[in-house]
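Colleague: can't give you the sequence, but here's the structure:
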C-alpha cells in the first residue's frame, strides 16, 4: 500500500448524503477480484445523468471527494474502496461514514476525514474553483482562503495510512518476531510440526 501523508488538489464538491456502496460501485461490477479497472464503473448511475459532477472536466482525476453524511452505507463490499482508489480518490471528507466502509478505505490507502456539516459546506464552496489539502501530519484540511479544519483519527489507522501498512504489511513488519516464536514453539512442542520438518536444527520424526 502506498503511504499517504498529504492529499492535495481539486476536490469533487458533491455533498450528497446517504451514498451507499451500490451507488459507489453497482453490484454487476462485483464479479472481479481485481482491484484495478473498477474506476470506470464508479458512480455509474450518477454518471448516467447529463452534467454530473464526476464527468465535469474541472474535477477530472480529483484526489479528494467531499460527500455528505453517512457515506459508504449499505453492503460491506470492499469493491467500493477499490473503485474509489482506481478512479484516483485518495481522501473522502464527510460528516460521517459507515464503519465498514471507513475500515475498508484505510486498508486501501484512502483517508476518511470526518468534519462537521458546517466545514463540509465551506469546503464545497471553496472546491468549486480552488484546491483542498488534507494533511495527516497536522490532522488538518485547508484551502487557499486560510480555512483550517482540524479532524481526529484513530492513531493506529493514521499510522497505517502514513506508513502504507495493510494487514500483510503489518504482519511482515514483525517477521523476525514471528520466526523466533515459531522456532520456540517448534522446540517446546515438536508434535505440532509435520514429520520430516526441521526446527532449530532438530528433525521431527
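Modeller: Received, thanks. Given the structure is predicted, the values throughout are model-derived calculations rather than measurements. Numbers count the residues shown, from 1 in each chain.
Colleague: could you list the low-confidence segments of this structure?
Modeller: Residues of the chain meeting the criterion pLDDT under 70: 167-170, 172-173, 195-205.
Colleague: per-domain residue ranges of this structure.
Modeller: Here the domain assignment for the chain is 6-154, 174-203, based on automatic domain parsing.
Colleague: among the ones you listed, which comes closest to residue 163?
Modeller: Residue 163 lies closest to domain 6-154 among those, at 10.6 Å (CB to CB). C-beta coordinates here come from the backbone N, C-alpha and C atoms, glycine included.
Colleague: need the distance between the two termini of that closest one.
Modeller: End-to-end distance of domain 6-154 (CA to CA, to the nearest Å): 17 Å.
Colleague: picking up where we left off before, which of the domains of the chain is buried the deepest?
Modeller: Of the domains of the chain, the one with the most neighbours on average (mean count of other CB atoms under 10 Å) is domain 6-154, at a mean of 18.
Colleague: quick one, longest helix in the chain?
Modeller: As assigned by DSSP state H, the longest helix anywhere in the chain is helix 175-188.
Colleague: what is it packed up against?
Modeller: strand 198-199 (3 or more CB pairs under 8 Å, 6 or more residues apart in numbering; DSSP states H and E).
Colleague: wait, what's in contact with residue 159?
Modeller: Residue 159 is in contact with residue 165, counting by CB atoms under 8 Å, 6 or more residues apart in numbering.
Colleague: for the strand or helix carrying it, which positions count as buried?
Modeller: Using DSSP states H and E, residue 159 sits within helix 155-163. Neighbour counts using 16 or more other CB atoms under 10 Å place 157-158, 160-161 of helix 155-163 among the buried residues.
Colleague: dump those to a markdown table, plus distance to residue 62.
Modeller: Below are the buried residues of helix 155-163 laid out as a markdown table (distance: CB to CB, whole Å):
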| residue | distance to residue 62 |
| --- | --- |
| 157 | 23 |
| 158 | 23 |
| 160 | 23 |
| 161 | 19 |
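Colleague: please identify which two of those are farthest apart in space.
Modeller: Greatest spatial distance among those (CB to CB): 158 and 160, at 7.3 Å.
Colleague: chain center to stretch 143-150: distance?
Modeller: How far stretch 143-150 lies from its chain's middle: 23 Å, per CA atoms, centre = their mean, to the nearest Å.
Colleague: now do it: distance from first to last residue.
Modeller: Stretch 143-150 has an end-to-end distance of 12 Å (criterion: CA to CA).
Colleague: what comes into contact with that stretch?
Modeller: Against stretch 143-150 from outside (CB under 8 Å, 6+ apart): 115, 119, 122-123, 126-127, 130-133, 139-142.
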